[in-house]
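In: Output the structure for:
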Amino acid sequence: MSAPARTPAGAPGHLTGPGSSGGVGTDAARPDGTLKVRGEFAYGSDLWMEDMLWGVTLRSPHPYARIRSVDVGPALAVPGVRAVLTSDDVPGEKVYGLELADQPVLALDVVRYQGEPVALVAADHPETARAAAARIVVDYEVLEPVTDAVTALGHPRWNQVHDGTAEVTELSRESAHLHPEGNLVRHLKVRRGDPSPTADVVVVGEYEVGMQDQAFLGPESGLAVPAEDGGVELYVATQWLHVDQRQICSALGLPPEQVRLTLAGVGGAFGGREDLSMHVHACLLALRTGRPVKMSYNREESFFGHVHRHPATMRYEHGATRDGRLVYVKAQIYFDGGAYASSTPAVVGNGGTMGIGPYVVPNVHVDCYGAYTNNPPCGAMRGFGSVQTAFAYESQMDALAAELGMDAVELRCRNAMEQGSTTPTGQVVDSPAPVVELLRRLEAMPLPEAPAELDLRHMPGGVSNTTHGEGVRRGVGYAVAYKNVAFSEGFDDYSTARVRLEVVGGEPTVTVHTAAAEVGQGLVTVEQQIARTELGVDRVVVHPKDTQVGSAGSTSASRQTYVTGGAVKAACEAVRGRLLERAAGLTGRPAGELRLFDGAVVADGLELPLAEVLGDEAVEETLEWRHRPTEAIDPETGQGFAHVQYAFSAHRAVVDVDTELGLVKVVEMACTQDVGKAINPQAVVGQIQGGTAQGLGLAVMEEILIRDGRVQNPSFTDYLMPTILDVPPMRIEVLEYADPHAPYGLRGVGEAPNISSGPAVLAAIRAATGLPLNRVPVRPEHLTGT
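Out: Alright, predicted model coming up:
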């Protein structure tokens, strides 16, 4: 296989952790941690080559328009411009996609969202490239955009009434078909129990969730380098190297051996790097010019360059007995997928199959839809369909508790899942599901005390001196949620690991090579910890992540510790088996009596250094590892073994609300979560803290504002996120009830706290204000009515 002509500055190198830093279950230090806190870690935007060109994208200013013509002549006339490309210059397939190939590499005859790529420019300097792109003349016929997911499907609108029925208030007119097959991406149905149930008490609610951005700090970036074999090397910040490779190969018309990807430093992801951004574009420009091409988005372009969390419109109906036993749940859920499918089918799968929460409900009727619109494309984001539905079903549980005159936590506990419960898809929960314990532990935690004296820093509005406490009301809210771990519905979910044990410089050294993307979550640390535990070797080197080893799947769905961790564990076990057989031959002791510890083969009365067992040879194994299979659900009933594992978390939020100005201060967040086994306890707490902050953000401030298909706030000035002043103290209790089906008994950690935190904040605001509040993020005008 041909090597690249050169390696760029800032390309990733091997990561070696500090010595004696621990195995599974310890707070092992991150090998990339010191570099990052010192500002020495090389991210994708730091990549550099001396003679590289700069690539720039021309994007559509319209959310929906027909392209009459594109004139690139004025751009080519700019000195320093080396190439200008349009869709005519794409040599392979002109469309791509994660699940459905429906998104053009460069716009063909129609643009379907504001910011869709239309043309590319490569030039000697980025400002030259931008100036040239501005000179490209595109003649558009502007069309009326479709901007509502419900009306895009031609479905009726309804409004809430109080007798458990829905009243149609607006019949949708026929919307334009944005794709040849129409505007429906997926319709998932869950049907269980009595199709026409009745109940003593019924509550109905309609809910909306706005479009949230992943808001990672590192912009989309990468460097494409043409190779001697006619292929290309791409160094890129991404989440899924091999699926990127597949889509790039399709667009370039090249085989995988000629398209080699290496993970560049990733400055956060949260799902937003699962789709392609500049990947194909940089490769096209590099192959056309024969020179390395770097592309790096600025912040505004980043808002147009990646998918976002799906906005959702939902209607729920809950029926219960007088003593608070759930009888039925009916739900209609609409996800706005934007212009292209991305991962909308899977988001619909999660939202539909887990859309009633971690509760036992005998009768379930759910319809979950994903729709095409002319809004920005939406796809993966932490929580992946479950975040939106949790706001609805937990709001419903609070409303039902109020209707019954029952404590909201008691109602949840009375209906909570446990091991052995049956989910709405007919799947039996076959590992611990401590929903009741999570809630009771939260209840038992002490509440924060009110300040003894006035301190503006503790008031809503802070030191801006908006209040001295008049009109400020405190509220407490609870929420519990669950989330599937890993890929579902029959997806062939696996990871590949290559583990090599050898003596380097007189010291036993393990090298772990996987394609699993490290995006800041600490996976490289976990790989080292597993290798230390299984092979008894302190020095573990993590090979740069690339496509020179088999696929590890996506760094999403809270799956990498489970699946890639499982692959690393299996490969280490295979290496260990071969090594102990070799040691058995040297010592005359049965391999079953031998084990590895502290760089040696040991047994009763025996300690044989690994250097003596290995000599100048290495032991290497490459293995694929799969979790137990799931299955596709029945398309008419939604029944089936859809998910391999569930993660459970619960939150309590305490808020102070200035009811006169509509300002909210989150005073404290408390979280309880079952993680099965904490591979790295400190990292687990960090994931819970981060997920909690992201859920808090969606509850009270984070939203991409869209008007007629146009983004109104593509900047970190106008897209508001929690800062250190907004994130409160957190009480965290981690439970470890092992899942017998998972490596070490672990559960995925990162997404669950993102799901239950936001609904808890919303519940607390409701408690403080007495307002129904059926939309997030909650804005001041929702609280003041102005």
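In: Just list the residues touching the nearest residue to Arg191 once chain neighbours are set aside, thanks.
Out: With C-beta to C-beta, 6 or more residues apart in numbering as the criterion, Arg191 has its nearest non-adjacent residue at 4.6 Å, and that residue is Thr637. For every residue, glycine as well, the C-beta is placed using N, CA and C. Neighbour list for Thr637: 189-192 [criterion: C-beta atoms under 8 Å, 6 or more residues apart in numbering].
In: Distance check, Thr637 against Asp194.
Out: According to C-beta to C-beta, to the nearest Å, Thr637 stands 13 Å off from Asp194.
In: try Glu489
Out: In terms of C-beta to C-beta, Glu489 sits 25 Å off from Asp194.
In: Which stretches in the stretch 601-750 of the chain count as helices?
Out: Using DSSP state H, counting those that start in this stretch, the helices found in the stretch 601-750 of the chain span residues 610-614, 681-700.
In: Next: the stretch 101-250 of the chain.
Out: For the stretch 101-250 of the chain, applying DSSP H, counting those that start in this stretch gives helices covering 126-135, 149-152, 241-252.
In: Go through those helices and name the closest to Met669.
Out: Proximity to Met669, assessed across those by C-beta to C-beta, is greatest for helix 149-152 (30.8 Å).
In: same question for that closest one, mean pLDDT?
Out: Mean per-residue pLDDT for helix 149-152: 97.
In: before we move on, back to that, out of the contacts of Thr637, which end up buried?
Out: 190-192 (16 or more other C-beta atoms under 10 Å).
In: Which pLDDT value belongs to the residue nearest to Thr86 when sequence neighbours are not counted?
Out: In this structure, Thr86 finds its nearest non-sequential neighbour in Ala119, 5.0 Å apart by C-beta to C-beta, 6+ apart. We have a pLDDT of 98 for Ala119.
In: hey, what's Ala497 bridged with?
Out: The partner list for Ala497 in beta bridges (DSSP bridges) reads Leu623.
In: how close does it get to Val429?
Out: Relative to Val429, and taking C-beta to C-beta, Ala497 is found at 29 Å.
In: Give me the more crowded residue out of the two.
Out: Ala497 (31 against 21; other C-beta atoms under 10 Å).
In: Next up, the contacts around the more buried one.
Out: Here Ala497 is in contact with 512-514, 549, 552, 564, 567-568, 570-571, 622-623, 625 (C-beta under 8 Å, 6+ apart).
In: Those in helices, which ones?
Out: 564, 567-568, 570-571 (DSSP state H).
In: what would the residues you listed look like in a markdown table with distance to Asn350 and neighbour count?
Out: Shown next, in a markdown table, are the ones in helices among the contacts of Ala497 (distance: C-beta to C-beta, whole Å; neighbours: other C-beta atoms under 10 Å):
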| residue | distance to Asn350 | neighbour count |
| --- | --- | --- |
| Thr564 | 21 | 28 |
| Ala567 | 24 | 31 |
| Val568 | 27 | 33 |
| Ala570 | 27 | 21 |
| Ala571 | 30 | 27 |
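In: So, low pLDDT: which residues of the stretch 1-150 of the chain?
Out: The stretch 1-150 of the chain contains residues with pLDDT under 70 at 1-7, 15-21.
In: cutoff 80 now
Out: For the stretch 1-150 of the chain, the stretches flagged by pLDDT under 80 are 1-7, 9-21.
In: how about the strands in the stretch 251-400 of the chain?
Out: In the stretch 251-400 of the chain, the strands defined using DSSP state E, counting those that start in this stretch lie at 259-263, 293-296, 312-320, 326-336, 363-371.
In: most tightly surrounded among these?
Out: Mean neighbour count (mean count of other C-beta atoms under 10 Å) peaks for strand 293-296 among the strands of the stretch 251-400 of the chain, with a mean of 29.
In: Can you point out the helix or strand that includes Glu502?
Out: strand 494-504 (DSSP states H and E).
In: If we go by neighbour counts, what in that strand is buried?
Out: Those would be 494-503, for strand 494-504 by 16+ other C-beta under 10 Å.
In: quick check, nearest of those to Arg747?
Out: Ser495 (16.7 Å).
In: pretty sure that closest one is in contact with Ser554, am I right?
Out: No - judged on C-beta atoms under 8 Å, Ser495 makes no contact with Ser554 at a distance of 10.1 Å.
In: pLDDT averaged over stretch 655-673 - what is it?
Out: 97.
In: How far off centre is that stretch?
Out: Taking C-alpha atoms, centre = their mean, to the nearest Å, one finds the center of stretch 655-673 at 25 Å from the center of the full chain.
In: Just the CA atoms of it, as CSV, please.
Out: This file holds the C-alpha atoms of stretch 655-673, laid out as CSV (Å, rounded to 0.1, in the frame of the first residue of the first chain):
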residue,chain,number,x,y,z
VAL,A,655,-33.9,26.6,40.3
ASP,A,656,-34.6,30.2,41.3
VAL,A,657,-36.8,32.1,38.9
ASP,A,658,-37.3,35.9,38.8
THR,A,659,-41.0,35.7,37.8
GLU,A,660,-41.1,39.4,37.0
LEU,A,661,-38.2,39.4,34.5
GLY,A,662,-38.3,35.7,33.4
LEU,A,663,-34.7,35.0,34.4
VAL,A,664,-33.7,31.6,35.6
LYS,A,665,-30.8,30.5,37.7
VAL,A,666,-30.2,26.8,38.1
VAL,A,667,-29.1,26.6,41.8
GLU,A,668,-28.1,22.9,41.8
MET,A,669,-28.2,19.7,39.8
ALA,A,670,-28.2,16.3,41.3
CYS,A,671,-27.7,13.1,39.3
THR,A,672,-27.9,9.4,40.0
GLN,A,673,-26.8,7.0,37.2
